Structures are given as structure tokens and as C-alpha cells.
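Chemist: coords please:
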Amino acid sequence: MTGTRPLEKRYRAGTAVRDVAERDLCDLAPDDVLDELTADGARPEWAARITPLGRTVLTYRALLDNPAPSVGPIPVPEGFKVRGTDIDVLRSALASAEAGVPTGIDAPALRGALAAAVPVSGSRQHTLTTGEEGLAAVITVLHLESLVRDSSGYHHVLRQLPPSS
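Modeler: Residues are numbered from 1 along each chain as shown. From the prediction side, this is the model:
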């Protein structure tokens, strides 16, 4: 993200970006990077890249507005398919949950669901066979992913759930 502001707005914009950077929510680009970003002779006043802490804060903020979905009292399917890219997301979320960030993910249940993942021959999909806790952990992670990046994995799993009574 870069920024070039009209003269009267430069001070406010620069202060806001510095405030965010001081909280370690983003990294500000050094002068040599700003020089590389020059387009049509206009050098941006600043450039920033969001940090992992910044992503966590955005996820937290999104969760305040969109609480995690509930999976009860839906019957848990005997097996459901998860795309290969979503397996990667689930593994990454498990590593993060075991490190303590983000909170709210049931790491043991997610670990169990991933341990039972079986690759589907001829595709990048995996079949997961898990209980209610494992399903809830998978849905929670894919819900978080849907809030910050891609919702297709979340909806892929939801479409496979049996209809509620």
C-alpha cells in the first residue's frame, strides 16, 4: 500500500501511518524501496506492508462484526471433502493455534481432524472423517479464512453438511 496526498492532508496521513507502524501492525518501506516505487516521476511519501500482527488484528476486528458460526445441532457427516489449498490453510492455522495465536481455535480437535485426512486419489482434495469438535474446528478456521482472504473453502465445506432438522 502506498500513499501520496495533497499538501494539506500530508501531515494527517503521515501521522496515521506512523501510528499504525509504531504498533507493529505494518512495516514502513525504507527510502530505497520508495525510490523503486516511483511512477511517472511521483515518488510515494510512504509505503507499508501489513505484518502478521496486523493480519491478526484485522481478523479479530472481522470476528467482532461476524461471530464464528455454530455447527450444532447439525449431524456430522461421516466424511467431507476439503480442497488441498484448504488443507494448507488448516495446517497453518494449527501451527498458529498451537503457538497461541489466534485464540478460539480448538488445536487438539483440529490436529485430530488433520491426522485423519485421507488424500482423494487423482485430486488435491482430502476426505476428513471427524467428530463434532473436529468439524467445528475446521469450520472455525475456514470461517476466519473467509473473512480475510478466500471464502470458497468455507462454503465448499458448508455445502456438504446435512440439512438441519
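
Chemist: give me the buried positions along stretch 37-47.
Modeler: Neighbour counts using 16 or more other Cβ atoms under 10 Å place 44, 46, 47 of stretch 37-47 among the buried residues. Yep, even glycine has a C-beta here, placed from its N, CA and C like the rest.

Chemist: all strands for the chain, in order.
Modeler: Taking DSSP state E as the test, the strands found in the chain are 2-3, 26-28, 46-50, 80-82, 118-119, 126-128.

Chemist: residue closest to the middle of this structure?
Modeler: Nearest to the mean C-alpha position of the chain, by Cα atoms, centre = their mean, lies residue 145 at 3.8 Å.

Chemist: straight-line length of stretch 77-85, end to end?
Modeler: With Cα to Cα, to the nearest Å as the measure, stretch 77-85 spans 21 Å from end to end.

Chemist: pLDDT on it, on average?
Modeler: For stretch 77-85, mean pLDDT is 89.

Chemist: got it, and stretch 136-152?
Modeler: Stretch 136-152 comes out at a mean pLDDT of 86.

Chemist: on that earlier part again, export the strands of the chain to a markdown table and tack on distance to residue 19?
Modeler: Below are the strands of the chain laid out as a markdown table (distance: least, Cβ to Cβ, whole Å):
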| stretch | distance to residue 19 |
| --- | --- |
| strand 2-3 | 14 |
| strand 26-28 | 10 |
| strand 46-50 | 12 |
| strand 80-82 | 39 |
| strand 118-119 | 47 |
| strand 126-128 | 43 |
